[in-house]
Each structure stands twice: as structure tokens, then as C-alpha cells.
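[1] please find the sequence and the predicted model below.
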Amino acid sequence: MSTINPPVVFTQDELGWVSWIDPLPEAELTERHFAGLVDRSRAKSEYFRLLVRDPEVLEARTKTDKDIFYNVADGLPRAERELAAAATSRYNGCIYCASVHARFASTYSKRRDDVQRLLDEGVGADLGERWNAVVKASVALASTPIAFGPDNIEELRRIGLDDAEIVDVINSASFFNWANRLMLSLGEPTK
Amino acid sequence: MSTKDIIDTLAGIEPGSSLDAIRAKRVQARDNAQKSYLALFEPIDAGDFSHAERAVVALFVAGLHGESPVTAFYRAKLAASANGAALVEAIEAEIAHGKTSGPYGAYPAGPLSAEDTTGLNYRVRAERRPLLGARLVAALEHAHLLVFRPRDAASADMKALLAAGWSNSGIVTLSQLVAFLSFQVRVVSGLRTLAAANAYEKAAS
């Protein structure tokens, strides 16, 4: 079975996603499932109706995700959290996740061309000293075995990040090692 | 339930330390990373993925990332389950057999094919298949795919799990467990690296 029109390049376009196994039908969702979805509107999404087969894990994962990316009262600017997510997704090869978080990175940074260079050229693209350090740290964290070391900390400090901001880089990049593996293995993107 | 925060424990973060204060500013992320751990390892209903199977896959996944406090933690968890000693021995042998560097794999055919990289296509060794059984053999092979070459994943991999006796819901939890550990091991590693850099600077000043 081949998918209709799968994307073959990294893009900031909006993509669809189809599951390879059966999501729960919307009509079968109970209150336990809605608690797992966190936002009731996610019942419309095939991806979330699949993950809600384990509602407790989905609920905790979603709340982790929201706090790491949306809680910007202090710490790293949203744009750079999204950059870490996009870079991790580019490196792991998740075209779907990269599309979503590249769009967010563009929106919050207003640096759409730089974000596109990350997608086109890969994680070695020269995006300026500050972004290069964030991308490099994300890639080091995404590597197995993990290659993140004192040099990455030193580089993040050199571009002006304090410990709280470095923790945000660690959280954002680490989280996408979770997200990428779900998106890549349970289904595939569509144009 | 008052299980100590696993990430704090594994990263060596002490109450009252500066990293503890930083993590407290992301209280939802911290609490829900813990809840994810509990949902995966102390589920309300283990359902289609037994506690023992979860412990086996966890040691394998942590071990593929290298020896760390995370690996030691999941080794102890597996050792405490039924037939634990034999399973730990078998999984350690499979970790040695499956260890490599990632991510690698192939992109959908097109311009990105120039970036395709090949690597180990891991299969459980024949001599350990009888002990592990078809379900765990399929789970370990899938876990290796997710750890090292997630971009190679295909619908055929779902069919292989279904054929080995995994249900749709079991596959979702298995995928979450492997993916969650990919997150947890990195947060722990990152925080430990940051704490060590701070301790080094303090000692040098």
C-alpha cells in the first residue's frame, strides 16, 4: 500500500499525516479518552485518536510538551525552543515534525529564510553564531550515543544563555526525540 | 503515590540546588515527565503490554544509549521481575550485539536520497529467541529501529508487530515507551552535563 503523494523534501508547508494502524473511532471516545486528549478538539486528529489508545501516557506527554514549549514566562524565547525542535526533527529525519516546528520558528523569529536553510541544507547550515550553537547542541543531544558535552554548554554560555535557558534547550531538543519517533513510526506524512 | 522524581534521581539533582530551582520553573513539564514514567511503568492497567515486557524493552533501549544511571535503573527494574537474572543476561548480550551509532536510515525517494545512510539492520540472535519469545523478539527489533533509524520505519514494521501478537493499543504503548525513554535518557544526560560543568567551574574559581 503506498500513500498518496508523500512529501519528499523538508518543507514549511502544512502537511497531513495518516496512521498505519487503527486510530480509535471518534464515536468510541469516552471521558477517559477526552482527558487523555487534553484538548477535546484533538478528537478530530487521526494522530491523537491513535495515541489516545493509551490515554494516561498521552495526557502526561501532552502536558509535558505544552509546558516545555509554551511556558515562556522566563527562559529561552519561544523561537529558539522551536528551532531546537526543528533541528532535532531535521536531524532525525521527521519531515512532518520539522514542517510544524519550522513554521513556528519562522513565525516567532521572523527569520523564515534562515529556517528554510536549515530545512534545505540540513543541520550544518550556517545560521549565525547564536542559532548555530542551539542547532549544534540539539544535534549532539539527538545523536545515539548522546554526544552532548561540556563543549556544548560552553558554547551556549558564550552566546549568552544562562542555566535556565540551557535547560530549555535540553528539554526542547530531548522532547523531540520522543515526538519524532512516534510520528515517524506510526504513520506517514501526506502533502 | 510518592515515587521520587525519576529524572531528578537519575540526574543527581538535589532538593534546594540551582538546577532544582530551574526545574521548579517548569513544574508542569517536570510533573508530567514523572506521570509519563508512572503511566508506562506503573500503569493502572498493563493491558496489552505486561510489566515484565516493559522492563525488558526498557533495559534494551536504555542500554543501546550506553551505560549510564538510566541503564542501571532499568537493569535493576528488570532484575527484580520474574526470571529477571536470565533476562538481564540475555538483554545485555543483545545490547552488545545491537549497539551502533545513529540516527541513520533512508528518506523517501527523491532529493533527500543523497542523505541516505545505511547501518546495522538489527535482528535478535537466533540462540536467544526461544527465551524471549516472538512478542519480545519483535518488540526489541522494533525498539532498535526506533532508537537508531526511525526514518526507516514503514507500515511493514507495524504488520510485523501485529503478526507477532501485538494489538493496536499494545503497539501504541510500546512506541510511547521507546520514544519516552529516548527523551528521558537525554534530559538526564543533559542535566548531568550541565551540573558537572557548574561543579567544575565552582572548583576552579
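    Okay, I see it. Residues are numbered from 1 along each chain as shown, chains lettered A, B, ... in the order given.

[2] looks to me like A:Y96 is in a helix.
    Yes - using DSSP: H, G, I helix; E, B strand; the rest coil, the assignment for A:Y96 is a helix.

[3] my read: it touches A:L15, true?
    Yes - A:Y96 sits in contact with A:L15 when judged by CB atoms under 8 Å, with a separation of 5.6 Å. Every residue, glycine included, has its C-beta placed from N, CA and C.

[4] anything in contact with each of the two?
    A:P189 (CB atoms under 8 Å, 6 or more residues apart in numbering or on different chains).

[5] between the two, which has more neighbouring residues?
    A:Y96 (22 against 18; other CB atoms under 10 Å in any protein chain shown).

[6] how far away is the more buried one from chain B?
    Distance, A:Y96 to chain B, using CB to the nearest CB, to the nearest Å: 11 Å.

[7] any idea which helix is longest in chain A?
    Secondary structure of chain A per DSSP state H: the longest helix is helix A:163-186.

[8] let me see the mean pLDDT of that one.
    Averaging pLDDT along helix A:163-186 yields 98.

[9] contact partners of stretch B:79-87?
    B:H51, B:A52, B:A55, B:V56, B:L78, B:V88, B:L131.

[10] for the last one, which non-adjacent residue is closest in space?
    Think B:L131. Counting by CB to CB, 6 or more residues apart in numbering or on different chains, B:A90 is the residue found nearest to B:L131 once chain neighbours are left out, at 5.5 Å.

[11] where's the one you found, which helix or strand?
    Here B:A90 sits within helix B:84-98, counting by DSSP states H and E.

[12] ditto for B:F60
    Judged by DSSP H and E, B:F60 forms part of helix B:51-64.

[13] buried residues in that helix, which are they?
    B:52-64 (16 or more other CB atoms under 10 Å in any protein chain shown).

[14] ok, and for whichever helix or strand comes after it, which residues are buried?
    Per DSSP H and E, the first helix or strand lying C-terminal to helix B:51-64 is helix B:69-79. Neighbour counts over helix B:69-79 (16+ other CB under 10 Å) mark B:V70, B:T71, B:F73, B:Y74, B:R75, B:K77, B:L78 as buried.

[15] give me the neighbour count for B:A80.
    10.

[16] got a pLDDT number for it?
    96.

[17] next, it: phi, psi?
    phi -80, psi -10 (degrees, to the nearest 10).

[18] same thing with B:A164?
    Taking degrees, to the nearest 10 as the convention, B:A164 sits at phi -90, psi 0.

[19] so it touches B:A134, yeah?
    Yes - in this structure, B:A164 is within contact of B:A134 by CB under 8 Å, at 4.7 Å.

[20] between the two, which is the more surrounded one?
    Taking other CB under 10 Å, B:A164 and B:A134 do not tie; B:A164 has more neighbours (16 against 12).

[21] how close does that one sit to B:A96?
    Separation of B:A164 from B:A96 (CB to CB, to the nearest Å): 23 Å.

[22] ok, now B:A114?
    In terms of CB to CB, B:A114 sits 33 Å off from B:A96.

[23] next one: A:E59
    Where B:A96 is concerned, A:E59 sits at a distance of 37 Å (CB to CB).

[24] what's the answer for A:D22, then?
    For A:D22, the distance to B:A96 - CB to CB - is 37 Å.

[25] when these two are compared, which one has more neighbours?
    Set A:D22 next to B:A96 and count neighbours by other CB under 10 Å: A:D22 wins out with 13 against 9.

[26] ok, which stretches of chain A are strands?
    Assigned by DSSP state E, chain A shows strands spanning A:16-19, A:187-190.

[27] elements contacting the last one?
    The one in question is strand A:187-190. On a contact count with 3 or more CB pairs under 8 Å, 6 or more residues apart in numbering or on different chains; DSSP states H and E, strand A:187-190 meets strand A:16-19, helix A:46-51, helix A:95-109.
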